[in-house]
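> build me a model:
(2 chains)
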Amino acid sequence: MSLSLNRRRFLAATLTAGVLPAGAGAAAERKRFGITLHPYYSYVANIVGDRAEVVPIIPAGFNPHAYEPRPEDIQRIGSLDAIVLNGIGHDDFAGRMIAASSKPGLPVVEANADVPLLPAAGSMTQSAARGAGKVVNPHSFLSITGSVLQVATIARELGRLDPANADAYTANARTYSRRLRQLRADALGRLASAGDTRLRVATIHGAYDYLLREFGLEVSAVVEPAHGIEPSPAQLAETIATMRRLDVQVIFSELNFPSAYVETIRRETGIRLYSFSHISHGDYAADRFEREMTRNMDTLVQAMLEAKP
Amino acid sequence: MHRQIVRRAGAERETLWVLLAAGLILATATAAVGLRPAPEAEAAPAAHQIDSRTALTAAEQGLHADLKMAAAEIAVQIADEIAALREADGKSKGRAPSPAELAAQALPPFAADASAAARGGHAWTLVEAGGTVAYAGLSADPGKAGSLLLLLDRHGDGDGHGPGIWLKRAAEAPPARLDETSLAAAGWKRITSTFTAGVTR
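Coordinates of the predicted model:
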């Protein structure tokens, strides 16, 4: 009894000393917005600044292509005010997690609502997509235009959920979008003197269609038969034959998710190989998207310059 | 004399029953499938519309996304100018930035960079007709990407569909009148894109 009383007193003292001064200010009002993937952490962190908290629901270090929800991650959803989703195939686990959480009615921001989406890549998904016509390429975050459109949507929707900070979110989103556009302009500026930069491109993972379209490039072949699935030996042989037939000049592979068969392709075809970042590895950071997109565009510019005859 | 016909050993009767059962299952399944058809896919786009995901070339898809982004930025710049002018002299008429100004800001697709050349080499002009602000891009290579027209949502009386982006696969300037009927009559198609939330979930 006396122990519990002491504990209560201790708790009360801690609360008065530690929480009340901060709680009286704006900190207690700060909303908590959840995100699923690294680029969305960067988007939301740049939009909200220090006016809200950005909460990743998957711990850093998990590959989103192979993630299975864990109880402690589902529990975290209960503390959120809203969640920002890719919503078109890269965070399908989130829907199940929200439904299983203590807040099944959590407001969801569909970041891709205003993005003109591309069809899914890969030989298997292409025929499926033709039938259904609805399966889209979920990697709209791996491009500048796709990101700017998503940042605008996220800022608008978060402003609706948090009207007191809506103007700040809009202003921050504009500043951030300008910065993102500048990254692309810088990369294209380096190609200015290169003349004709047409390139026949193959990719391992069907993730870079959005980015390549910004540079006027088209993907001729995707090695993975479906999103995140390794090809069988027969599919691999077929892909290598296709690459030879189409006279592919450059293959873009993945940083951080190395696969043994990529080396086989390089050895068999002798085509130059470059690696892009999928931006789904490492710690969550506000500047991660800009850093990794800069590197991706540097890689792309380098590939385009080196492929010139 | 008692006679009994003994059927010879064989599987004729079973075969018959199995075939009958199989036929019955097939007939039931066919009837069930026939009676419960999948809901009709969304209405096909109208004759003067074109779907961004399935019907555009790669270059056109890139340009369409860039135009959508540019439309938002141009709208903000016009609104800023209106606010600035109001402060200065009480007037409230914003001026739309010229394609050259947008190119100077490195705003795609107006910027004359390597991607512009690779995606059809469009020549952009500002068209202002009857209160409508539009940017027309004349394609130098309609095989790669057709000519494009960005119709800005008019301030205050927009149709709620956001900016209109129109396409014609020819090196052709848009007609003098920029309403939907005139554009459709001149063979232009409005680019539409759909979003279905959680289709893969």
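> in chain B, what residue lies closest to chain A?
B:A118 (2.7 Å; Cβ to the nearest Cβ). Glycine gets a C-beta too; all of them are placed from N, C-alpha and C.
> per-residue pLDDT, residue 161?
Reading this off chain A. At A:L161, the pLDDT value in this model is 95.
> please go with chain B instead
54.
> also B:P39?
The model's pLDDT for B:P39 equals 68.
> also the one 5 residues further on?
Per-residue confidence for B:A44 comes out at a pLDDT of 66.
> what of the one 10 residues further on?
Reading off the per-residue confidence, B:T54 sits at a pLDDT of 85.
> against B:T28, how distant is B:L35?
Using Cβ to Cβ, to the nearest Å, one gets 11 Å for the distance from B:L35 to B:T28.
> actually, A:V115.
45 Å.
> do A:A194 as well
66 Å.
> about what we covered before: neighbour count winner among B:L35 and B:T28?
B:T28 (10 against 7; other Cβ atoms under 10 Å in any protein chain shown).
> who are the packing partners of the one helix or strand A:V201 maps to?
Per DSSP states H and E: A:V201 is located in strand A:200-203. Here strand A:200-203 touches strand A:218-222, helix A:233-246, strand A:250-254, going by 3 or more Cβ pairs under 8 Å, 6 or more residues apart in numbering or on different chains; DSSP states H and E.
> and after that strand, which helix or strand comes next?
Past strand A:200-203, the next helix or strand by DSSP H and E is helix A:209-214.
> packing partners for that next one?
helix A:144-161, strand A:218-222, helix A:288-306, helix B:58-89.
> name the residues of the longest helix seen in chain A that come out as buried.
Longest among the helix segments of chain A by residue count, using DSSP state H, is helix A:166-189. Under the neighbour-count criterion of 16 or more other Cβ atoms under 10 Å in any protein chain shown, helix A:166-189 has A:168-170, A:172-174, A:176-177, A:180-181, A:183-185, A:187-188 buried.
> biggest separation within these, which pair?
Across the buried residues of helix A:166-189, no pair lies farther apart than A:A168 and A:L188, at 30.9 Å, counting by Cβ to Cβ.
> can you list the residues of chain B near chain A?
B:41, B:52-54, B:58-59, B:61-62, B:64-66, B:68-69, B:72-73, B:76, B:106-108, B:111, B:113-119, B:162, B:191, B:193, B:195-201 (Cβ under 8 Å from any Cβ of the partner chain).
> buried only: go through the residues you listed for me.
Here, 16+ other Cβ under 10 Å leaves B:52-53, B:58-59, B:61-62, B:64-66, B:68-69, B:72-73, B:106-108, B:111, B:113-119, B:191, B:193, B:200 buried among the residues of chain B next to chain A.
> before we move on, back to that, mind listing residues that contact the longest helix of chain A?
A:43, A:46-49, A:51, A:144, A:147-148, A:151-152, A:154-156, A:158-160, A:162, A:214-215, A:290, A:293-294, A:297-298, A:300-301, B:73, B:76, B:106-108, B:111, B:113-115 (Cβ atoms under 8 Å, 6 or more residues apart in numbering or on different chains).
> now stretch B:53-67
Contacts of stretch B:53-67 (Cβ under 8 Å, 6+ apart): A:115-119, A:133, A:136, A:143, A:145-146, A:149, A:210, A:213-214, A:216-218, B:50, B:52, B:108-109, B:115, B:118-120, B:122, B:137, B:144-146, B:148, B:150, B:163, B:165, B:167, B:191, B:193-194.
> which residues of chain B fall in helices?
B:12-35, B:58-89, B:99-104, B:114-118, B:180-185.
> state the distance from A:A45 to B:A72.
As defined by Cβ to Cβ, A:A45 lies at a distance of 21 Å from B:A72.
> what does the pLDDT read for the nearest residue in space to A:S102 that is not next to it in sequence?
Among residues not flanking A:S102 along the chain, A:G78 sits closest, at 3.8 Å (Cβ to Cβ, 6 or more residues apart in numbering or on different chains). A:G78 carries a pLDDT score of 93 in this model.
> do the same with A:R181
Taking A:R181 on its own, its pLDDT is 94.
> now A:L5
Model confidence at A:L5 (pLDDT) stands at 46.
> quick revisit: my read: the residue of chain B closest to chain A touches A:L217, true?
Yes: in this structure, B:A118 is within contact of A:L217 by Cβ atoms under 8 Å, at 7.3 Å.
> overlap in contacts, those two.
With Cβ under 8 Å, 6+ apart as the test, B:A118 and A:L217 both reach A:R198.
> relative to chain B, which residue of the stretch 151-300 of chain A is the closest?
A:G216 (2.7 Å).
> in contact with that residue, which residues?
So A:G216 contacts A:197-198, B:59, B:62, B:114-119 (Cβ under 8 Å, 6+ apart).
> quickly find the element holding it.
Short version, using DSSP H and E: A:G216 is in no helix or strand.
> against B:R177, how distant is it?
32 Å.
> kindly report the same for A:L255.
As judged by Cβ to Cβ, A:L255 and B:R177 stand 52 Å apart.
> cool, A:I74 as well?
57 Å.
> what about those two, which has more around it?
Shown here are A:I74 and B:R177; by other Cβ under 10 Å, A:I74 has more neighbours (18 against 14).
> would you agree the more buried one is in contact with A:A99?
No: judged on Cβ under 8 Å, A:I74 makes no contact with A:A99 at a distance of 9.5 Å.
> before we move on, the earlier item: make a markdown table from the helices and strands packed on helix A:209-214 and add distance to A:G270 to it.
Putting the helices and strands packed on helix A:209-214 into a markdown table (distance: least, Cβ to Cβ, whole Å) gives the following:
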| stretch | distance to A:G270 |
| --- | --- |
| helix A:144-161 | 32 |
| strand A:218-222 | 16 |
| helix A:288-306 | 14 |
| helix B:58-89 | 26 |
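> looking at chain B, which helix or strand is least sure?
Lowest mean confidence among the helices and strands of chain B (mean pLDDT, DSSP states H and E): helix B:114-118, at a mean of 85.
> what's it in contact with?
Contacts of helix B:114-118 (Cβ under 8 Å, 6+ apart): A:188, A:191-192, A:194, A:196-198, A:214-217, B:59, B:62, B:108-109, B:122.
> closest to A:A94 out of those residues?
Distances from A:A94 to the contacts of helix B:114-118, taken by Cβ to Cβ, are shortest for A:E214, at 27.1 Å.
> list the contacts for that closest one?
Contacts for A:E214 (Cβ under 8 Å, 6+ apart) come out as A:143-145, A:184, B:62, B:65-66, B:108, B:115.
> right, I'll leave it there.
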